[in-house]
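K.L.:
Have a look at this prediction, sequence included:
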Amino acid sequence: MNILERIFLSKQSALLFYSIVFLSSACAKVDNTSWKDFLFGTKWKSSTSPVSRDYRFLPIFSVVPMGPALCLAPSGEVGSCIPNKDCIIRGGIPAGPCGGGYGICCVFLQTCGGIIRENSTYFVNPNHPDTYDGTGSCQVTVQKVHPDICQLRLDLDMFSIAPPEPVNHLCTQDQLLVSGSSPVPTICGTSSGDHMYIDAGLGQSNPIVLSVITSGTFPRIWRMRVTQIHCGSIGRAEQGCLQYYTGISGRVRSFNFNTVSGRQLSNQDYSICVRTERNFCGIQYNACPDLENNRSRSFTLSGNSNNPTGTMVGGGTQVTQNACIQDWLLIGCMRSADRIPPQSACEDRVCGGTFSAEVGMVQKTVQSSVRPFRLYFHTDGIEAPTDIDNRGFCLDYVQQPCTNGF
Ligand SMILES: [Ca+2]
């Protein structure tokens, strides 16, 4: 690392530190009258809402360069700390003071028919945070805030729309659709906490439209944050990754995953990517703990999940009895971690109802050293009669250091 890189990094660290201080301290307290009164009247209020009139002054800000900074609104949205008049002019909603009184925590929010023109805008259901029982198509159009925006990140803070039907797990009642980008799988059901990266193309291409299509009765709620990512940003996901994770450990799962009542969605085809961290050469996966069932349902991709179902592996050109032909998770050259020697044969596709890299009824740790670290998830449009109550997958990953035999 040369001296310029060191200076750059130390500046980045300082900025990060101040941002964290800012985020955690600013806008922590609000006045009784809040932005949601403007938009939704007073029915959003609950007796547990934190309400206070004072806020702390932060002398530290006298040394921080001024500019847009993040703040946290009392109802959980990330806002921009900007002068109050700017917030109003730009169509934002003031959500309490921030920056020691320097500015207002300005939240950008759109619902059906809206146009997103600000970074970090939330797409919410009508009546949010109450549920929405209406039917039709609720869509917002996303305009790039700069021609140099290459991706959008969609954070599904709250996402619960009608689930897929129970026979073939198709999203026939409600759907989240993304158009104007490279293909994004259609999802439905409940996926709060999940995210998607959406390719926004180069330059001022066609806008991206986010639509929630609803039919029939269901108490829907959604709040998704739309972050615009510059082409040169370090936060940009690798090409072709619908989901992108950083850090040496984490959790990946399919949409609408839930060990009790989730249904693996049909017609999925996408990649989940894990950034290879420096000095890490391999990756291990374990099925997430399932605290709700006697027999784990954390990995149930095919077969009847109401009965103990073993691991199935392989597929593609080599079709055997246990091959994964219809629904599968692909991890490049995976092996069970207890296989000795490690040079033995490896598999690429796994399905069935037990997570392992070999046929059997025993759940195992699975490892791979194929880089970049990626999982490909594929499901067809059929479940019944062979596949019953499949939940999808939830895996915990840990990257493995290059010195650890990888
Ligand atoms: Ca299927």
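P.N.:
Arrived safely, thanks for sending. This one's a predicted model, so the numbers in the text were calculated from it and none came from an experiment.
K.L.:
From what I see, Phe280 and Thr246 are in contact.
P.N.:
No - at 11.6 Å, Phe280 does not count as touching Thr246 under the criterion of Cβ atoms under 8 Å. Every residue, glycine included, has its C-beta placed from N, CA and C.
K.L.:
So for these two, which residue has more residues nearby?
P.N.:
Legend: neighbour count by other Cβ atoms under 10 Å for Phe280 and Thr246, higher for Phe280 (20 against 13).
K.L.:
Could you report the separation of the more buried one from Ser137?
P.N.:
Applying Cβ to Cβ, to the nearest Å, the value for Phe280 to Ser137 is 44 Å.
K.L.:
how deep is the closest residue to the ion within the stretch 251-400 of the chain tucked in, by neighbour count?
P.N.:
In the stretch 251-400 of the chain, no residue comes nearer to the ion than Asp327, which is 4.2 Å away by Cβ to the ion. Neighbour count of Asp327, defined by other Cβ under 10 Å: 25.
K.L.:
same question, the one 10 residues further on
P.N.:
The number of residues packed near Ala337 is 18, by other Cβ under 10 Å.
K.L.:
quick one: low-confidence ranges for this structure?
P.N.:
For the chain, residues meeting the criterion pLDDT under 70 lie at 1-68, 316-321, 340-344, 404.
K.L.:
what residues does it put near the ion?
P.N.:
326-327, 379-380, 383 (Cβ under 5 Å from the ion).
K.L.:
if I pick the spatially most central residue of the chain, what's in contact with it?
P.N.:
Residue closest to the average C-alpha location in the chain (Cα atoms, centre = their mean): His195, at 1.5 Å. His195 makes contacts with 153-156, 243, as judged by Cβ atoms under 8 Å, 6 or more residues apart in numbering.
K.L.:
ok, now Val209?
P.N.:
Counted by Cβ under 8 Å, 6+ apart, Val209 has contacts 139-142, 178-180.
K.L.:
In the sheet, which residues pair with the residue in the stretch 1-150 of the chain that the ion sits nearest to? Tell me.
P.N.:
Nearest residue of the stretch 1-150 of the chain to the ion: Ser137, at 26.9 Å (Cβ to the ion). With DSSP bridges as the criterion, Ser137 is bridged to Ile213.
K.L.:
And for the one 5 residues further on?
P.N.:
With DSSP bridges as the criterion, the beta-bridge partners of Val142 are Ile116, Ile208.
K.L.:
Now for the chain: which strand has the highest residue count?
P.N.:
Looking across the chain with DSSP state E, the single longest strand is strand 149-160.
K.L.:
Surely Gly193 and Leu156 touch.
P.N.:
Yes - look at Gly193 against Leu156 with Cβ under 8 Å: they come within range, at 6.8 Å.
K.L.:
More neighbours: those two, which one.
P.N.:
Leu156 (20 against 12).
K.L.:
Out of the contacts of His195, which comes closest to the ion?
P.N.:
Gln243 (20.0 Å).
K.L.:
Without its sequence neighbours, what residue ends up closest to that closest one?
P.N.:
Ile272 (4.4 Å; Cβ to Cβ, 6 or more residues apart in numbering).
K.L.:
Val370 falls within a helix, correct?
P.N.:
No - assignment of Val370 by DSSP: H, G, I helix; E, B strand; the rest coil gives coil, placing it outside any helix.
K.L.:
Tell me who's in contact with the residue nearest to it when sequence neighbours are not counted.
P.N.:
Leaving aside its sequence neighbours, Val370 sits nearest to Gly332 (Cβ to Cβ, 6+ apart; 3.1 Å). Residues in contact with Gly332 (Cβ under 8 Å, 6+ apart) are 348, 368, 370, 374.
K.L.:
May I ask you to confirm that Gly332 belongs to a strand?
P.N.:
Yes - under the criterion used here (three-state DSSP), Gly332 sits inside a strand.
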